[in-house]
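In: fold the following.
(one chain, ligands or ions: 2)
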Amino acid sequence: MKIALLGYGKMGQVIERIALERGHEIVLKKDEFNTYDGLENANVAIDFSVPAAAIANISASFHANVPVVSGTTGWLAHYDEMIALCKEKNGGFISSSNFSLGVNLFFELNSYLAKIMAPYHSYKVAMEEIHHIHKLDAPSGTAITLAEGVLEHSNCSNWTMDASPKDNEIQIEAVRTGEVPGTHTVTYNSPIDAIEIKHTAHNREGFALGAVIAAEWLAGKHGVFTMKDVLNFN
Ligand SMILES: NC(=O)C1=CN([C@@H]2O[C@H](COP(=O)(O)OP(=O)(O)OC[C@H]3O[C@@H](n4cnc5c(N)ncnc54)[C@H](O)[C@@H]3O)[C@@H](O)[C@H]2O)C=CC1
Ligand SMILES: O=C(O)C1=N[C@H](C(=O)O)C[C@H](O)C1
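Out: Numbering: from 1, shown residues only. Ligands and ions are numbered 1, 2, ... in the order given. Predicted coordinates for the structure are as follows:
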C-alpha cells in the first residue's frame, strides 16, 4: 500500500518505520516546508501534524480522492466541517484522539465504569493527563474523549480545566513534564474511598501501529469511520 505521511515529526517517523516493516511504501512525507505533490499517488494518507495544519491536510486528501486517517489533536472545532467535506467528496475518513489498542480498550472500560458509577452521587469524577513538554494542546484529545465518555452516562454537564470545578463539572488536570508519551487517569473520589483507572503508554509504538492498522483498514473505503469500526468493538 502507498502511504502519504502528512506530518513527519515524532509520530510520523515511528509510523514510517512500522509501515515499512509491514511492507508498505511511503510516497510523500509532508511537513510545513514542502507541497502535496505525490499525494494523489497514495492509497491512503496518515495525518499526524499540528492543529493548525490538520484541516489543510485532511481537506487536501479529500480533494485528491485519498482516504485519510487523522491522529492530530486540537482541531475538533472544525470536525463537522471536515465530515461535511468528506461526504461532499465521497471520501474516506477516520479520526481518533488515540489510535492505540490499549487506549481504545481503556475508552470502553471508562464508559462501563461511568455507567455503573452513575447512580452513586457521593463520588466525584476527575481526570489527569500527563504528557511531554513539547505538546501543543491541552487538555489532550484522549482526555477529552474520556470526559465525553463519562458525560454520556453521568449527570455532569461539561468538563473544565478550572482548578475549582463546580459540582456538576469534570475536572481535567493537564501536566507537562519531561518526555512522557502519555498517561491518563480517571478517578472517582468520595469522602470514604477512591476508584481509579489508569492507562500508561510506555512509548509511541501503540499509537503508530494503531494508525497503520486503521490506514490498512480504510484503504479503498468511503465514509466516516471510528476506531470502534476498525477494532470491531461495535
Ligand atoms: N491520535 C493519536 O493516537 C496520537 C495523536 N498525537 C497527536 O499527533 C500530533 C503530532 O504529534 P507529534 O508527532 O508528537 O508532534 P511533532 O511536533 O513531533 O510533529 C508534528 C509535525 O507536523 C509537521 N507540520 C507542521 N506544519 C505542517 C504542515 N503544514 N503540513 C504537514 N505537517 C506539518 C511538523 O513539521 C512536525 O514534523 C499532535 O497533535 C498529537 O497530539 C500524538 C500521538 C498519538
Ligand atoms: O501529543 C501527544 O504526544 C499525544 N497526543 C494524543 C492526545 O492528545 O491525546 C494522544 C497521546 O496521548 C499522545
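
In: count of residues packed around the nearest residue to residue 25 once chain neighbours are set aside?
Out: Of all residues not flanking residue 25 in the chain, residue 2 sits nearest, at 5.2 Å (CB to CB, 6 or more residues apart in numbering). Any C-beta I mention is one placed from the backbone N, CA and C, and that applies to glycine too. Around residue 2 sit 16 other residues, with neighbours defined as other CB atoms under 10 Å.

In: ramachandran angles for residue 2?
Out: Backbone torsions of residue 2, given as degrees, to the nearest 10, read phi -90, psi 120.

In: measure it to residue 95 for me?
Out: To residue 95, residue 2 is 21 Å away according to CB to CB, to the nearest Å.

In: please identify the helix or strand for residue 150.
Out: In this structure, residue 150 sits in helix 141-151 according to DSSP states H and E.

In: who are the packing partners of that helix?
Out: helix 101-117, strand 124-131, strand 158-160, strand 169-176, strand 183-189 (3 or more CB pairs under 8 Å, 6 or more residues apart in numbering; DSSP states H and E).

In: got the angle for the last one vs helix 101-117?
Out: Here strand 183-189 runs at an angle of 10 degrees relative to helix 101-117 (axes from the mean of the first three to the mean of the last three CA atoms, to 10 degrees).

In: near ligand 2, which residues of the protein are found?
Out: 73, 97, 98, 131, 135, 140, 141, 142, 182 (CB under 6 Å from any ligand atom).

In: the most far-flung residue of the chain relative to its centre - nearest residue in space that isn't next to it in sequence?
Out: Taking CA atoms, centre = their mean, the residue of the chain most remote from its mean C-alpha position is residue 192, at 34.1 Å. What sits nearest to residue 192 in space, not counting adjacent residues and going by CB to CB, 6+ apart, is residue 122, at 7.6 Å.

In: contact partners for the one you found?
Out: Counting by CB atoms under 8 Å, 6 or more residues apart in numbering, residue 122 makes contact with 190, 191, 192.

In: from those, pick the one nearest ligand 2.
Out: Nearest to ligand 2 among the contacts of residue 122, counting by CB to the nearest ligand atom, is residue 190 at 27.6 Å.

In: against residue 125, how distant is that closest one?
Out: Distance, residue 190 to residue 125, by CB to CB: 11 Å.

In: quick one: the strands in the protein?
Out: Ranges of strands in the chain, per DSSP state E, are 2-6, 25-30, 44-47, 68-70, 92-95, 124-131, 158-160, 169-176, 183-189, 194-200, 223-225.
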